[in-house]
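Enquirer: structure, please.
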Amino acid sequence: MQFRIRLIEADQQFFCDADQTIFAAALAHGLTMLSSCRNGTCRTCMCQLKSGQVRYQVEWPGL
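Expert: You can find the predicted model right below:
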């Protein structure tokens, strides 16, 4: 299964496989995205979700 990802402000779109992160798919399509930790915990790459749900590949650290 693939998902269409739209980056509205950058006027870009690409497809992401179900087993791939949006970040990895963007890089594979030659797009540059802000990042720090590369796994979603630092929230540098945070954006607005229009539909669906977020699933992280790593456990978030406890507070």
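
Enquirer: pLDDT at the residue nearest the centre of the chain, what is it?
Expert: Centroid-nearest residue in the chain, with Cα atoms, centre = their mean: residue 22, separated by 3.1 Å. With respect to pLDDT, residue 22 has a value of 87.

Enquirer: repeat that for the one 4 residues further on.
Expert: Model confidence at residue 26, given as pLDDT, is 92.

Enquirer: what do you get for residue 62?
Expert: pLDDT recorded at residue 62 is 55.

Enquirer: ok so, going back, tell me who's in contact with the residue nearest to the centre of the chain.
Expert: Contact partners of residue 22, counting by Cβ atoms under 8 Å, 6 or more residues apart in numbering, are 5, 16. C-betas here are computed from N, CA, C, even on glycine.

Enquirer: and what of residue 28?
Expert: residue 20.

Enquirer: how much space between it and residue 53?
Expert: 22 Å (Cβ to Cβ, to the nearest Å).

Enquirer: can you check residue 33 too?
Expert: For residue 33 relative to residue 53 (Cβ to Cβ), the value is 20 Å.

Enquirer: these two: which has the busier surroundings?
Expert: The neighbour comparison of residue 33 against residue 53 (other Cβ atoms under 10 Å) goes to residue 33, with 13 against 5.

Enquirer: setting aside sequence neighbours, what's the nearest residue to the more buried one?
Expert: Nearest in space to residue 33, with sequence neighbours left out and distances taken as Cβ to Cβ, 6 or more residues apart in numbering, is residue 26 at 5.2 Å.
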